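J.: Quick one: sequence plus predicted model below, questions after.
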Amino acid sequence: MASKAVLFAAAVVAAACVLGTAEARFGKLGRLVITGVVPCNTGSLIDIATSPVFPNADVELRCAGKLVAGATTNTNGTFSMEVDMTSALAAFIGGCTLVVDTPLIKCNADLTDVGTLVSYLQGPLTRLLGGIFHLFPAGFSFHARRD
């Protein structure tokens, strides 16, 4: 797992070097756009194709333990957020996750478990278009809160 994190960090740093020309053109290092669908379910690596969606859920991008960006899902459970890579690059090296703290009972009265939905990010760093990186959830998993 650590080698994947090092490889990902190296790829981000390499991409930042490539983006140096984009920074000159756009005045910034580039943008990170994250889009996805939040499932209303418990379990590990929840299949969004077979799970109901989670409308009006607050989705946070947390990098190295800090809140970097946030969004709220629409009625279809989809969200989109955008981050300036100049401020997010160092956070990527520290690791980022998508976190949904909104209680599951808000999307399904039968889901009374208390916890969070968490997903790592994925997406090809080679798909840089006009200074924009597009990433998406690797798969949400439910993490029960232990009091």
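T.: Everything's here; your move.

J.: can you pull the contacts of Pro137?
T.: Contacts of Pro137 were listed using Cβ atoms under 8 Å, 6 or more residues apart in numbering, and they are 34, 36-37, 98, 119-122. No exception for glycine: its C-beta is placed from N, CA and C like everyone else's.

J.: swap in Asn74?
T.: Per Cβ under 8 Å, 6+ apart, neighbours of Asn74: Pro55.

J.: That one: what secondary structure?
T.: In the three-state summary, Asn74 is assigned as coil, counting by DSSP: H, G, I helix; E, B strand; the rest coil.

J.: Next up, phi/psi of it, please.
T.: Main-chain torsions, Asn74, degrees, to the nearest 10: phi -90, psi -170.

J.: still on that earlier bit, just the buried subset of the contacts of Pro137, please.
T.: Neighbour-count burial (16 or more other Cβ atoms under 10 Å) is assigned, among those, to 34, 36-37, 98, 119-121.

J.: The strand or helix carrying Phe133: what's the following helix or strand?
T.: Using DSSP states H and E, the secondary-structure element containing Phe133 is strand 132-137. For strand 132-137, the succeeding helix or strand toward the C-terminus, using DSSP H and E, is strand 141-144.

J.: mind listing what that following strand pairs with, with the direction of each?
T.: Strand 141-144 pairs in its sheet with strand 115-122 (antiparallel), by DSSP bridges.

J.: before we move on, back to that, present the buried ones among the contacts of Pro137 as JSON lines; the columns should include pLDDT and distance to Ala69.
T.: As requested, the buried ones among the contacts of Pro137 are exported to JSON lines (pLDDT from 0 to 100; distance: Cβ to Cβ, whole Å):
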{"residue": "Ile34", "pLDDT": "92", "distance to Ala69": "8"}
{"residue": "Gly36", "pLDDT": "97", "distance to Ala69": "13"}
{"residue": "Val37", "pLDDT": "97", "distance to Ala69": "17"}
{"residue": "Leu98", "pLDDT": "94", "distance to Ala69": "10"}
{"residue": "Ser119", "pLDDT": "94", "distance to Ala69": "14"}
{"residue": "Tyr120", "pLDDT": "89", "distance to Ala69": "15"}
{"residue": "Leu121", "pLDDT": "87", "distance to Ala69": "12"}
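
J.: taking those as a set, which two sit the farthest apart in space?
T.: Of all pairs drawn from those, the widest gap by Cβ to Cβ lies between Val37 and Tyr120 and measures 15.4 Å.
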